[in-house]
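Enquirer: fold the stuff below for me.
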Amino acid sequence: MVVTEASPSQRLVTEINGEPAGREYARAVGLSDIEELTPLVFATYPVVVRLGGQPYVRSIQKVNPDESLTFFCAIDEGIVLTVARGIDIVENLEQAFRDVRRAVGPPALVLGCDCILRNIECGQKNVKEAIGRIFMENNVIGFATYGEQFNAMHVNQTFTGVAIGG
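Expert: Predicted coordinates:
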């Protein structure tokens, strides 16, 4: 999907592929009615932009009455967005902590920042208990965020942290 009209200062996309942004996004995720667009849909079907070969989530905040989309992060005309499909969020987190253990040993403490949109996705997929167990096993403390900065880019639906090993 190509952003064909936007107001970057407002993080607002009015057109995608020359069509009203909300309607085109709904079509791309398989919905027939724009009224079906909810925060759960946005969390389940985030859009990504590829920069340097890496995908970065550009999370949608809401659909507006004029069918435009308000984003949580930077957006601009001409960027190409792809609807993403999530991976197993529990397995992904378990793998991340296996990597942490290889790098620093068992974590004595992990200061974690968990994007609220990721938390919504966990609730929708009914995996909050499993995620909480993984956090407890790895001594995670932290807080919810509205995304993180990574290499000067605001990204969403992420869990980031600083692990302190034994």
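
Enquirer: which residues touch the longest strand belonging to the chain?
Expert: Across the chain, the longest stretch assigned as strand under DSSP state E is strand 107-115. With contact meaning Cβ atoms under 8 Å, 6 or more residues apart in numbering, strand 107-115 is reached by 97, 100-101, 135, 138-148, 156-166. (Each C-beta comes from the backbone N, C-alpha and C, glycine too.)

Enquirer: now those: which count as buried?
Expert: The neighbour-count test (16 or more other Cβ atoms under 10 Å) applied to these identifies 97, 100, 135, 138, 140, 145, 147-148, 156-161, 163 as buried.

Enquirer: doesn't Pro65 lie inside a strand?
Expert: No: the assignment for Pro65, made by DSSP: H, G, I helix; E, B strand; the rest coil, is coil rather than a strand.

Enquirer: what's the burial count for it?
Expert: 6 (other Cβ atoms under 10 Å).

Enquirer: how about the contacts made by it?
Expert: Pro65 sits next to no residue when contact means Cβ under 8 Å, 6+ apart.

Enquirer: got it, and Asp33?
Expert: Going by Cβ under 8 Å, 6+ apart, the list of residues near Asp33 reads Ala26.

Enquirer: if I look at it, how far off is Gly22?
Expert: If you measure Asp33 against Gly22 using Cβ to Cβ, to the nearest Å, the figure is 11 Å.
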